[in-house]
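Novice: I would like to see how this sequence folds:
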Amino acid sequence: MTLIEQIRERIALCLFLFAALIVLLVLLFGTGRPSAQPTVNLPFATVAAVTNASSQIIGANPSRRAIQICTAGNTTTFTIAPAPIVPVAATNGFVLLGTATASTCFTSPKAVGVQLQGGAGAAWNAIGSVAGPTNLIVLEW
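Specialist: Residues are numbered from 1 along each chain as shown. Have a look, this model is predicted:
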């Protein structure tokens, strides 16, 4: 065997051992798993048109952690309540007094458990003080 053939064999052996080492490292440590970018903790927003008849403004969502319901810069007084409560204007529910220059908001505490009645995950109903329709803004986290 000539010197050049011996060098070629050693180079081939080194390449084989290097490839085997790479395979071994991939098997031991994996290739790494791709991960999604973290999302910004922004709310999902809905505009609900409300009249002077009680109606549902947002459906139930058991995964909802919190909800905020705000007037949209109008002078309508709104009464809101979690389902199954049917709000009655300025009596049965939470009252949001609207002003022309500022929003008034109701913010629920964060949900403690999964519940469909009375919590952030419940459907919510509203009634306005005028025939309208006038808007409420609903923010869900």
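Novice: which stretches of the protein form strands?
Specialist: Under the criterion DSSP state E, the chain carries strands at the ranges 44-50, 55-58, 67-71, 77-82, 94-97, 105-107, 124-128, 134-140.
Novice: just say which of the ones you listed is most tucked in.
Specialist: Per-residue neighbour counts averaged over each of the strands of the chain give the maximum for strand 124-128, namely a mean of 24 (mean count of other CB atoms under 10 Å). For glycine as for every other residue, the C-beta is placed from the backbone atoms N, C-alpha and C.
Novice: helices or strands next to that one in the packing?
Specialist: Packing contacts for strand 124-128, counted by 3 or more CB pairs under 8 Å, 6 or more residues apart in numbering; DSSP states H and E, involve strand 44-50, strand 55-58, strand 67-71, strand 77-82, strand 134-140.
Novice: ok, the nearest residue to residue 71 once chain neighbours are set aside - contacts?
Specialist: The shortest distance from residue 71 to any residue other than its chain neighbours is 4.1 Å, reached at residue 98 (CB to CB, 6 or more residues apart in numbering). Taking CB atoms under 8 Å, 6 or more residues apart in numbering as the criterion, residue 98 is in contact with 71, 73, 74, 75, 76, 77, 78, 104, 134.
Novice: confidence score at the first one?
Specialist: It refers to residue 71. Residue 71 is assigned a predicted lDDT (pLDDT) of 90.
Novice: got it, and the third one?
Specialist: pLDDT recorded at residue 74 is 82.
Novice: okay but it is in contact with residue 100, surely?
Specialist: Yes. With contacts defined as CB atoms under 8 Å, residue 74 counts as touching residue 100 at a distance of 6.7 Å.
Novice: more crowded one of the two?
Specialist: With other CB atoms under 10 Å as the criterion, residue 74 and residue 100 differ in neighbour count, and residue 74 comes out ahead with 17 against 8.
Novice: quick check: that one vs residue 102, distance?
Specialist: Separation of residue 74 from residue 102 (CB to CB, to the nearest Å) stands at 11 Å.
Novice: next, the buried residues of the worst-scoring helix or strand of the chain on mean pLDDT.
Specialist: With mean pLDDT, DSSP states H and E as the measure, the helix or strand of the chain carrying the lowest mean pLDDT is helix 3-29 (a mean of 84). Within helix 3-29, not a single residue qualifies as buried, counting by 16 or more other CB atoms under 10 Å.
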